[in-house]
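# mind folding the following:
(chains A and B)
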Amino acid sequence: MEIRVNPISCKAHGLCAEMLPERISLDEWGYPIIDGRPVPRELESLARRAAAVCPTLALVLGADRRA
Amino acid sequence: MNLPRLLAGLDRPGPLTLDAHVAVHGEMPADVSRSWRTGRTLVEEIRESGLKGRGGGGFPTARKLASVLAARGRPVVVVNGCEGEPASGKDRLLVERAPHLVIDGAVACARELEADRIVFAIDSDAPATRWALQAAIGERPDAGRRGLVTEIVEMPTGYLSGQETAIANFVNRGQAVPTVVPPMVFERGIARRPTFVGNAETVGQIGLIVRHGAGWFRGLGTDGQPGSALVTVGGGVFDPGVFEIEYGAVLGSLIDAAGGAIEPVRAVLFGGYGGAWVDGSQALELEISDRSLREVGATLGPGVIVALPQTACPVAETARVAAWLESQAAGQCGPCVSGLASIVGTLGELADGRAATDAGARLVELAGLVTGRGACAHPDGAARFVTSAVRVFATEFADHAAYGRCPACSSTPILPVPARRLARAA
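I've put the predicted structure just below:
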C-alpha cells in the first residue's frame, strides 16, 4: 500500500499524522510529510483510518506502484 | 542539414505567409501518417528522431503521443504557445513569425492521433501571436475546417498558465490553475479526452520531421540529444534575443553570437526562473546539452539563458525573482504557499542584513521542504533556483548577511520581472 496526499485538498488539519505517526509527520506549517516507504500489512488498517479521518479526504491510498 | 531550421526564412520581418513558408520548407507530405522514406508511422519517426519536449520538462515526445494513442477516447491536440517565462521569447517568436510550421506539426499530430480538435493556447496579452495564427489558419485548406476544428484559446497571462494541466483546466472549467495528477492530460485532459500538449517549438520541430525524417533531424546535435533548439539569450550581452543552436554548442560561442558579454559574466542562469545558476568561471566553456548541464546542477529547461554581469547584485536579483515566483503561485497547495513565503521572507532579511547567520542553510532547508509538495512543479522550480543561488553566490550572500545592502542592489535589474497586474475595475 502507498500513501499520497492531494496537496490541493489538504488543509493541514493534521489528523492523519496523529493517526499514523509511523509514516506521517507534519512540516512546520502543519502539512503532512509522507514517509515514502511502503506501508507494511500491520499498518494498513491505521492508514485506512488516517485516510478516513481526514476532513477534506486529501489522503489517498493506492496500490504500491513498486510492488 | 545546417542551421537555421525552425528560423529559416525569417531574415525578413513579419510572419511567413503560406506561399513563403512552402517556398522555404517545401510542401508537407500529403500522407503524413507514413513517412515516405521508411514506412514508419509518425510516432515511430519521432521516436527515432529522439525529439524531446521543449517547454521545460524534456519528456520524449513520442512517448507522449503513444500514451495518447493508447488512451480511450477521441484525442485532442494542444499547441502550447504560452510564454510564462519572463526571460523567454522563443515560442512567441516562432508562432508569430513561422505560424505555418507550427500548424503543420499540429495537423500532422492530429492526423496521426485521429484527433478532431486542435487548440492553440497563447497568452492573452500577445495580440500579435493571435493575429499571426488567425491569418495563417485562414490561409490553410487543411485546418479550421470540418473534421478538424481549430481554436485559439487565450490564457490569462501568468507563470503557471503554460502548465499543461492549467490549459486543460482553463478550457474545461475556466480556471487557469494546475490540477492534481493523475489523471495525466494524456489520459484525461480537455473534455475528459486524451490530450496531447506540445510546446510550440516541439510542434514546429514535428513540422520539420514530417518533411525530412528522423535521420535528417539527427544530423545536428549530440547522440544523446539530437536536433536544433531555440534559446532566448538575455542579460549582459550586447545583442540579446532568440537564437537557434544545435545541442552540444558551447555557451561561449552563443554569447559571441549574441554580441558578446558587456562585462565579465559573474554567473549564467539556465532554464529560466525554475532553473539554476552556474558560476561564470565554468559556464562559458559548457556545452549546451542536458548531459553537460546536469553535471553542474542545471538544465536548459525552456531554453532560457541569462548572463549576469559582475556588477549586478546576485542577492537582489535572486530575491526579486523569488518574490515574483511567490506572486505567481496558484495558491492552491499549502506547502508551496507557506514555503515560498518563508523563502521570500528569509531572502529579504538576508538582502537587507537582518538575517540570522545561518540564513543560507535555512533557505536550503526551506527549498527541501517545498520540493515535490505541490500539485505542479512550481515549488520545485523555485527551490532549484534559490538553492543554486545560495551555492553559486555564497560570497555575496555572506556579505549581505553581514553588512546589508550593497551599492549594486539598486542598479537596473537584469532578470526581467513583469509588472504586477493591477486589478481591473469591473
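# run a quick neighbour tally on residue 19.
You didn't say which chain, so I picked chain A. A total of 20 residues lie near A:Met19 under the criterion other CB atoms under 10 Å in any protein chain shown. (Each C-beta comes from the backbone N, C-alpha and C, glycine too.)
# not what I meant, chain B
10.
# that's a strand at it, yeah?
No - going by DSSP: H, G, I helix; E, B strand; the rest coil, the assignment for B:Asp19 is helix, not a strand.
# any idea how far it is from chain A?
48 Å (CB to the nearest CB, to the nearest Å).
# now B:Ala367
13 Å.
# residues of chain A that sit close to chain B?
Contact residues, chain A versus chain B (CB under 8 Å from any CB of the partner chain): A:6-12, A:27-31, A:33.
# shaky segments in the stretch 1-150 of chain B?
Scanning the stretch 1-150 of chain B for pLDDT under 70 picks out the ranges B:1, B:32-37, B:144-145.
# at 80 what do you get?
For the stretch 1-150 of chain B, the stretches with pLDDT under 80 are B:1, B:30-39, B:143-146.
# in it, which residue sits closest to chain A?
B:Ser67 (16.5 Å; CB to the nearest CB).
# give me the contact list for the host helix or strand of B:Ile46.
Assigned by DSSP states H and E, B:Ile46 falls within helix B:42-49. The contact list for helix B:42-49 (CB atoms under 8 Å, 6 or more residues apart in numbering or on different chains) reads B:32-33, B:35, B:38, B:40, B:60-63, B:65-66, B:69, B:108-109, B:111-112, B:206, B:209-210, B:213-215, B:217-218, B:226-227.
# wait, B:Tyr411 touches B:Ala312, no?
For residue B:411 the amino acid is Ser, not Tyr. Yes - the pair B:Ser411 / B:Ala312 is scored as a contact, 6.4 Å apart, by CB atoms under 8 Å.
# who's more crowded, those two?
B:Ala312 (22 against 14).
# which non-adjacent residue is nearest the more buried one?
B:Ile414 (4.9 Å; CB to CB, 6 or more residues apart in numbering or on different chains).
# tell me the contacts of that neighbour?
Counting by CB under 8 Å, 6+ apart, B:Ile414 makes contact with B:235-236, B:306, B:308-309, B:312, B:317.
# separation between it and B:Trp131?
For B:Ile414, the distance to B:Trp131 equals 31 Å [CB to CB, to the nearest Å].
# does the residue nearest to B:Ala312 count as helix, strand or coil?
Here B:Ile414 is recorded as coil under three-state DSSP.
# where along chain A do the strands fall?
Remark: strands assigned in chain A by DSSP state E are A:2-5, A:24-26, A:32-34, A:59-62.
# with the stretch 101-250 of chain B instead?
With strands called from DSSP state E, counting those that start in this stretch, the stretch 101-250 of chain B shows them at B:117-123, B:149-155, B:195-199, B:228-235, B:241-246.
# mean confidence (pLDDT) on the host helix or strand of B:Glu365, please.
Assignment of secondary structure by DSSP H and E places B:Glu365 within helix B:359-370. Helix B:359-370 carries an average pLDDT of 96.
# okay, buried residues for it please.
B:359-360, B:362-364, B:366-367, B:369-370 (16 or more other CB atoms under 10 Å in any protein chain shown).
# just stretch B:8-27 next, same as before
Residues of stretch B:8-27 classed as buried under the neighbour-count rule (16+ other CB under 10 Å) are B:8, B:10, B:15-16, B:18, B:20-21, B:25.
# of the strands of the stretch 101-250 of chain B, which approaches A:Met1 most closely?
strand B:195-199 (30.4 Å; CB to CB).
# please save the CA atoms from that closest one in CSV.
Extracted C-alpha coordinates of strand B:195-199, given in CSV (Å, rounded to 0.1, in the frame of the first residue of the first chain):
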residue,chain,number,x,y,z
THR,B,195,-4.9,15.3,-24.9
PHE,B,196,-1.5,15.7,-26.5
VAL,B,197,0.0,19.0,-25.3
GLY,B,198,3.1,20.0,-27.3
ASN,B,199,5.1,23.1,-26.7
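# ok, it: who's next to it in the sheet?
Strand pairing for strand B:195-199, using DSSP bridges, gives strand B:76-80 (parallel).
# before we move on, the earlier item: and the residue of the stretch 1-150 of chain B closest to chain A, how far from B:Leu113?
11 Å.
# higher neighbour count, those two?
B:Leu113 (22 against 16).
# report the contact partners of that one.
B:65, B:68-69, B:75, B:77, B:196.
# so where is chain A shaky, pLDDT-wise?
A:64-67.
# in it, mark out all the helices, start to finish.
A:15-19, A:41-53 (DSSP state H).
# other SSEs contacting the longest one?
Using 3 or more CB pairs under 8 Å, 6 or more residues apart in numbering or on different chains; DSSP states H and E as the contact definition, the elements that helix A:41-53 packs against are strand A:2-5, helix A:15-19, strand A:59-62.
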